[in-house]
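Chemist: can you look at this prediction? I've put the sequence above it.
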Protein chains: 2
Amino acid sequence: MNIGDVAERSGLPAKTIRYYEDIGLVKPLRSANGYRSFRDRDVHKLAFLGRARALGFSIEDCRNLLKLYEDDDRTSSEVKQIAEVQLDRIDRKIAELTEMRATLAHLVDACAGDHRPDCPILADLAAKEEEIALLNEAG
Amino acid sequence: MNIGDVAERSGLPAKTIRYYEDIGLVKPLRSANGYRSFRDRDVHKLAFLGRARALGFSIEDCRNLLKLYEDDDRTSSEVKQIAEVQLDRIDRKIAELTEMRATLAHLVDACAGDHRPDCPILADLAAKEEEIALLNEAG
DNA sequence: GATAGGGGTTCCACCTGATGGAAGGTCAAT
DNA sequence: ATTGACCTTCCATCAGGTGGAACCCCTATC
C-alpha cells in the first residue's frame, strides 16, 4: 500500500508518516520504484500511534507502548505504569491551566474594555515587579 | 545592571533574557566591556514578560501587550481583546485535556496492572484500527 | 605577576513534533 | 507526448527556549 492510502486509513498526514519512519517508529518496505510499501501491520502501527498521540503520549512513550504491544511477554503493569505517568502529566497540566484561567478570567472581568487606557490587566502584569522588588528588599 | 542580577530580579534565566533580546523584546544598553547593561525599565519589561508568559501568552502576544503597556494612547479594549482570545485558548486546551484525561483514566482503571499480558489500554489503542477499517468499509 | 573563581560574551546545536515547499522521479490515462 | 496525481528526498521553519563550547573580563589572593 502506498503512503497516500495509508494516510487516509490511519488518519495521519503523509508527512507525519514519513517523519515516523524517519524516527524509526515504522519500517515500511520499498517497492521497486522507490515508493514506500506499507504492510497491514505498518498501517496498524500507524493507527495505534495516532490514537496514542491523541491521548497525549509522547513519541518516546509511543515507542515503548508499541514495543509492549508487540511483545507477547509484556505485563499489563508495564503498560499501566506508562499510562499512569501520562495521566499524572495531564492532571498537572490541567491544574496549571486552571490556575492560569482563574487569574486571567479575573483580570478580564475587571477590565472595562473601553476607550480609556486604564487597564487592570496591564496593571497586574506590571505590578508584580513591585512584588518582586519587595521580595528582594525583604530578602 | 548585569544580566545575572537581572535574572535574579526578574526571575528569568539569563539564557532566556538573552533570547528575549535576540528576538527584540528588550534592548539593553552595552557597557564598555561588552556586557549588557540593563536599565530599570528593561528589568520592568522582563518581569512583565515573565508574568505574561506565566499566563500562557505567546511571545507575539507579549510583544503586543508590551507595546500597549508602553503606549499611553492605548485603549483597555485592545488589551482586553488579547486577553479574551488567550482565555479562549486556555479554555479549549483545558477541554481537550479533560477529554484525554477521561479516556485515559477509564483505560487505566480497566487495566489490572499485574503480571499478565492482557491489557485494555493496548487493546483500546489497537482496537481503533478496526473502527477505522469499518469506517473505510462503510465509506 | 600568575592564577583561580565567577562573572560575562558569542555561536551553534539540540529539544518536541511535526509542517511547508522546492526540485525532481513515476505512473496511468488521454 | 503530455497532463496530473502520485511519490521521492532534502532543507527550512515553527515555538520557546536550553546546553555547551570556546573565549573574554574582573577581582582577589598568593
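Modeler: Perfect, I can see it now.

Chemist: what's the per-residue pLDDT of the residue nearest to the spatial centre of chain A here?
Modeler: Taking Cα atoms, centre = their mean, the centroid of chain A lies closest to A:Gly56, which sits 4.4 Å from it. Per-residue pLDDT puts A:Gly56 at 96.

Chemist: residues in contact with it?
Modeler: By Cβ atoms under 8 Å, 6 or more residues apart in numbering or on different chains, the contact list for A:Gly56 reads A:Gln86, A:Arg89, A:Ile90, B:Leu97, B:Met100, B:Leu104. For the C-beta atoms, the positions are set from N, CA and C on the backbone; glycine is no exception.

Chemist: in helices only, show me the residues you listed.
Modeler: A:Gln86, A:Arg89, A:Ile90, B:Leu97, B:Met100, B:Leu104 (DSSP state H).

Chemist: and those, which are buried?
Modeler: Buried members of these, counted by 16 or more other Cβ atoms under 10 Å in any protein chain shown: A:Gln86, A:Arg89, A:Ile90, B:Leu97, B:Met100, B:Leu104.

Chemist: can you redo those residues as JSON lines with pLDDT and distance to DNA strand C?
Modeler: Output for those, formatted as JSON lines (pLDDT from 0 to 100; distance: Cβ to the nearest atom of the strand, whole Å):
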{"residue": "A:Gln86", "pLDDT": "97", "distance to DNA strand C": "11"}
{"residue": "A:Arg89", "pLDDT": "96", "distance to DNA strand C": "10"}
{"residue": "A:Ile90", "pLDDT": "97", "distance to DNA strand C": "13"}
{"residue": "B:Leu97", "pLDDT": "97", "distance to DNA strand C": "14"}
{"residue": "B:Met100", "pLDDT": "96", "distance to DNA strand C": "13"}
{"residue": "B:Leu104", "pLDDT": "97", "distance to DNA strand C": "15"}
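
Chemist: quick one: low-confidence parts of chain A?
Modeler: Counting by pLDDT under 70, chain A has low-confidence residues at A:128-139.

Chemist: which residues in it form strands?
Modeler: A:29-30, A:36-37 (DSSP state E).

Chemist: quick one on the thing from earlier: let me have the ones in helices among the contacts of A:Gly56 in JSON lines, adding distance to B:Gly50 as columns.
Modeler: Below are the ones in helices among the contacts of A:Gly56 laid out as JSON lines (distance: Cβ to Cβ, whole Å):
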{"residue": "A:Gln86", "distance to B:Gly50": "29"}
{"residue": "A:Arg89", "distance to B:Gly50": "24"}
{"residue": "A:Ile90", "distance to B:Gly50": "25"}
{"residue": "B:Leu97", "distance to B:Gly50": "24"}
{"residue": "B:Met100", "distance to B:Gly50": "29"}
{"residue": "B:Leu104", "distance to B:Gly50": "32"}
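
Chemist: do you know how far the residue lying closest to A:Ser31 once chain neighbours are set aside is from DNA strand D?
Modeler: Excluding its sequence neighbours, the residue lying closest to A:Ser31 (Cβ to Cβ, 6 or more residues apart in numbering or on different chains) is A:Ser37, at 4.7 Å. Using Cβ to the nearest atom of the strand, to the nearest Å, A:Ser37 is found at 8 Å from DNA strand D.

Chemist: show me the two of the buried ones among the ones in helices among the contacts of A:Gly56 that sit farthest apart.
Modeler: Using Cβ to Cβ, these span at most 11.3 Å, a distance reached by A:Gln86 and B:Leu97.

Chemist: before we move on, the earlier item: which of the strands of chain A is buried the deepest?
Modeler: strand A:36-37 (a mean of 18; mean count of other Cβ atoms under 10 Å in any protein chain shown).

Chemist: what about it, near DNA strand C?
Modeler: No. Shown here: strand A:36-37 not in contact with DNA strand C (Cβ under 7 Å from any atom of the strand), separated by at least 11.3 Å.
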